[in-house]
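1. when you get a sec, could you give me coordinates for this:
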Amino acid sequence: MSELPLQQTEHEIHTSAAPDAVFAVLADARAWPAVFPPSVHVEQVEHTGSSERIRIWATANGSLRTWTSRRELDERARRIRFRQEVSAHPVAAMGGEWIVEEAGDGGTRVRLTHDFRAVDDDPETIGWIHRAVDRNSEAELASLRTALERPDGTAPTTFEDTVVVRGRAEDVYDFLHRSDLWKKRLSHVARIAVKEEEPGLQHMEMDTLTADGSVHTTASVRVCFPERRVIVYKQLRTPPLLALHLGRWSVRPADDGDGIAVTSAHTVSVARSAIPGVLGAGASETDAVDFVRRALGRNSLLTLEAARQYAESSA
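-> Predicted coordinates:
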């Protein structure tokens, strides 16, 4: 059987940012979830010199996908070549290149190329991949320019809350993983809908009760690692005050060896433009970050306490 035709695409933008600044953002793949909307989680699997292997979890046409890629970084030429080692169906093979070039006006031209083969020659399959590549490439390039030129979000800040549980780690993880049961188990959850397309890859939409009794709706995607007892997530639909919300639940032995430490960590960026409408004209960025810290901390502690009670009653 002959090999299926190679499909090729190219997308580009111009940004006023300096070429070195652009290359630095593209080179730091583990920080991509804070820059690129489709990126949910990135892990560096191997790193040798200018080569690395990374595993990426990202949305594509509304689905959560994961694949492993090898990257070759040429800092002098400002080029990053990538090739998927394990592609996600219906992609059979995919690769491409980030090309960062000086523009005549002092800015930067950024080109993103892709080449791919589908698992079959069905026009619908090939069209689906083209749409996913186009949508993600355009979103990534636009987000890259926004992040470099006119970021509305404040610099990301991370905070966490931890409780110690006198129970089994597997019970704690089960409570956090079974988010479809949170409406029955958590007083601040008014509604929740969970869809798991593949084991460990979850879409979650939730209505949360705030301290003043109002309700806000969020939509998230979650990546679950039962072998590590870790769950990472990214909110795709955030409250108005947030430009970014990444989260992480982790279950591990307590530092003193007595019990299980359960931690809820949040990385957030506040949308500057939303501060006056949410907190009033006199509110500062610090006020907004403090407000978000209290609100998310309150809900985290309610969930952590409920997980503690569940695990200790099950022990």
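2. just the strands in the stretch 101-250 of the chain please.
-> 108-118, 157-165, 189-198, 201-209, 215-225, 230-237, 242-253 (DSSP state E, counting those that start in this stretch).
3. what would the ones you listed look like in TSV with distance to residue 21 and mean pLDDT?
-> From N, CA and C alone the C-beta is placed, and that goes for glycine too. Compiled in TSV, those are given as follows (distance: least, Cβ to Cβ, whole Å; pLDDT from 0 to 100):
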stretch	distance to residue 21	mean pLDDT
strand 108-118	8	96
strand 157-165	21	97
strand 189-198	36	93
strand 201-209	33	94
strand 215-225	29	94
strand 230-237	24	96
strand 242-253	19	97
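4. dump those strands to a markdown table, plus mean neighbour count.
-> Shown next, in a markdown table, are these (neighbours: other Cβ atoms under 10 Å):
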| stretch | mean neighbour count |
| --- | --- |
| strand 108-118 | 20 |
| strand 157-165 | 16 |
| strand 189-198 | 14 |
| strand 201-209 | 18 |
| strand 215-225 | 17 |
| strand 230-237 | 19 |
| strand 242-253 | 19 |
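5. the domain parsing of the protein - what is it?
-> Split into domains by automatic domain parsing, the chain comes to 7-149, 157-314.
6. figure out how far the last one is from the centre of its chain.
-> Right, the one you point to is domain 157-314. Put simply, domain 157-314 sits 14 Å off its chain's centre (Cα atoms, centre = their mean, to the nearest Å).
7. what's the span of it, first residue to last?
-> The first residue of domain 157-314 is 35 Å away from its last residue (Cα to Cα, to the nearest Å).
8. put the alpha carbons of stretch 108-116 into PDB.
-> C-alpha atoms of stretch 108-116 as PDB (Å, rounded to 0.1, in the frame of the first residue of the first chain):
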ATOM      1  CA  THR A 108       9.600  39.900  14.500                       C
ATOM      2  CA  ARG A 109       8.000  37.600  11.900                       C
ATOM      3  CA  VAL A 110       6.900  34.300  13.400                       C
ATOM      4  CA  ARG A 111       6.100  31.400  11.100                       C
ATOM      5  CA  LEU A 112       4.600  28.100  12.300                       C
ATOM      6  CA  THR A 113       4.700  25.200   9.700                       C
ATOM      7  CA  HIS A 114       3.100  21.800  10.000                       C
ATOM      8  CA  ASP A 115       3.300  18.600   7.900                       C
ATOM      9  CA  PHE A 116       1.100  15.700   8.700                       C
END
